[in-house]
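[1] need a structure here:
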Amino acid sequence: MPTFPRDEIEEMVSRWVAANDEAGRSGDWSKMSGFYTEDALYTWNNGPGWEFVARGREEIHDRVFGTEMEGLEHWTYPYVRTLIDDRKGEFLGIWRQIAPVKDPEGVPYEIRGTGGSWFRYAGDFKWCWQRDFFDHSNAAAVFGAMAKNGQLTPKMIERMKKGSKMPGWTPLAEFDWYATIPDPEA
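    The predicted structure follows:
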């Protein structure tokens, strides 16, 4: 397994979190794909029956920071914890999901529950593997409330109508994410 100095991984995390914060402020998520290797893998579960899978920097750019962020451009994902395992070259970040829109009580919508990302560092300030996790029940409740209140963006409404026809959505039977977990000895 290649090893990297802890201060290098800490610098990567610092750069990543700063870019994440800027993307939420600006609404431009496209620059985030520059943090991945050409052959990186990025996944998350999409509920019963589905996984989201993006293979390679180009798919990550087009799908993760493209189609999957349509309608979420100014949402913010502030990190509340960052945990680094420098022996394995891994980083776990726990984040919130906050909408730029307020509910009828004047409080920004937020997808509660635990949201986070598990990364594998590849050196050269790039990730080679990422797995996200978040609470789908809370996400559904927030988007349902926003829809009821007429506060979803047209792009989000369009995305929700597509459902599992979104690029990258893969049936569970066709993708075993457990098999992709980086081997810390490799």
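
[2] C-alpha only now, for contacts and for neighbours.
    Will do.

[3] quick one: the strands in the chain?
    Assigned by DSSP state E, the chain shows strands spanning 36-45, 50-55, 79-85, 90-102, 108-123, 126-133, 169-171.

[4] I'd like to know which of those strands has the weakest mean confidence.
    Across those, strand 169-171 has the smallest mean pLDDT, namely a mean of 91.

[5] got a list of contacts for that strand?
    Identification of contacts with strand 169-171 by C-alpha atoms under 8 Å, 6 or more residues apart in numbering yields 46, 49-53.

[6] mind listing what the residue nearest to Gly49 when sequence neighbours are not counted touches?
    Of all residues not flanking Gly49 in the chain, Leu172 sits nearest, at 5.1 Å (C-alpha to C-alpha, 6 or more residues apart in numbering). Residues counted as contacts of Leu172 (C-alpha under 8 Å, 6+ apart) are 49-51.

[7] again with Glu73
    24, 27-29.

[8] please repeat the previous calculation with a cut-off of 6 Å.
    Contact partners of Glu73, counting by C-alpha atoms under 6 Å, 6 or more residues apart in numbering, are Gly27.

[9] spatially central residue in the chain, please.
    Closest to where the C-alpha atoms of the chain average out (C-alpha atoms, centre = their mean) is Asp132, at 5.4 Å.

[10] could you find the closest non-adjacent residue to Phe175?
    In space, and not counting its chain neighbours, Phe175 is closest to Glu51: 7.3 Å by C-alpha to C-alpha, 6+ apart.
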